[in-house]
Structures are given as structure tokens and as C-alpha cells.
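Visitor: Structure here, sequence nowhere to be found:
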């Protein structure tokens, strides 16, 4: 069974940077699409970014394009989310998820079969 563990969250001032990591264990995730979602208090879980199995394809929600970069290292069973120029509205719990396949449904939480426990990101003004 695949297990995902996120790390790298924390408190940062607006304009700062954080790098989140999602480490997979239990089985290889090399064939999976890996994604990041986030959930702020009182809001639904929303899509942030996705990367396909070999890193050749990426997908971002519009509000993070140019600021966030998703990457993966299959040799380490880990994917990353580099977040630059953070804004207070980026404050949320960030979750890593995995699914088979790639496509227009990357942004739908229901398509993902495994989630991590989440890591808190707080951006102060």
C-alpha cells in the first residue's frame, strides 16, 4: 500500500519561499501522476499543481503559475513543490495526492486514491 508523507511547511512572510516535499513509501509511485492540493479553513480542497509519471508534463492552477514549480525525483520516490513569492492567500494545508493516468481531471480530488496527512503553510502579510 502506498503511503505519502508531506514535509516542508511552515510560517513565512509574504514574498518568501518554501519547498514542500512528498515522500512515497510502500510501493513505487513511478507510474503515478502526483499532485498538490490545498485546503484553507472553511473552503473546499483545491488543485494546485500536477506532474505526470516522468516529469514531462505539468499542470498548474492559474493563480500559482509563474510562482510555483512542481518536480519529481523517481529515484527518491519524492516529488516537490517549490513555492516562491508567497502571498497570504496561499495560506492553507497542502496535501500530496496520487492517481493513475493524466488528463483534464487532474484537478478533481475524487480522481486521487491516496493522500498524505498534509502540511501547514502560513503566509503572513
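Guide: Happy to help now that I have it. Bear in mind the structure is a predicted one, so any value in this text is a computation, not a measurement. Numbers count the residues shown, from 1 in each chain.

Visitor: tell me how far the ends of stretch 65-78 are from each other?
Guide: Its first and final residues considered, stretch 65-78 spans 21 Å by C-alpha to C-alpha, to the nearest Å.

Visitor: Please renumber the chain so that the first residue is 2 from this point on.
Guide: Sure, I'll start counting at 2 from here, so that last one is stretch 66-79.

Visitor: Give me the contacts around that stretch.
Guide: With contact meaning C-beta atoms under 8 Å, 6 or more residues apart in numbering, stretch 66-79 is reached by 22-26, 29-31, 35-37, 49-52, 54-56, 59, 61, 80-87. Bear in mind the C-beta positions are built from the backbone N, C-alpha and C, glycine included.

Visitor: mind listing what's buried in that stretch?
Guide: 69-71, 73, 75, 78-79 (16 or more other C-beta atoms under 10 Å).

Visitor: Would you tell me what the next helix or strand after the host helix or strand of residue 49 is?
Guide: Taking DSSP states H and E as the criterion, residue 49 maps to strand 47-52. Going down the chain from strand 47-52, the next helix or strand is strand 59-61, by DSSP H and E.

Visitor: just to revisit the earlier point, and the buried residues of stretch 66-79, which two are the farthest apart?
Guide: 69 and 78 (21.1 Å; C-beta to C-beta).

Visitor: Looking at strand pairing, list the partners for residue 48.
Guide: Taking DSSP bridges as the rule, residue 48 bridges to residue 38.

Visitor: Ok, residue 83 next?
Guide: Bridge pairing for residue 83 - DSSP bridges - gives residue 20, residue 70.

Visitor: what's the neighbour count on residue 26?
Guide: When neighbours are counted by other C-beta atoms under 10 Å, residue 26 registers 12.
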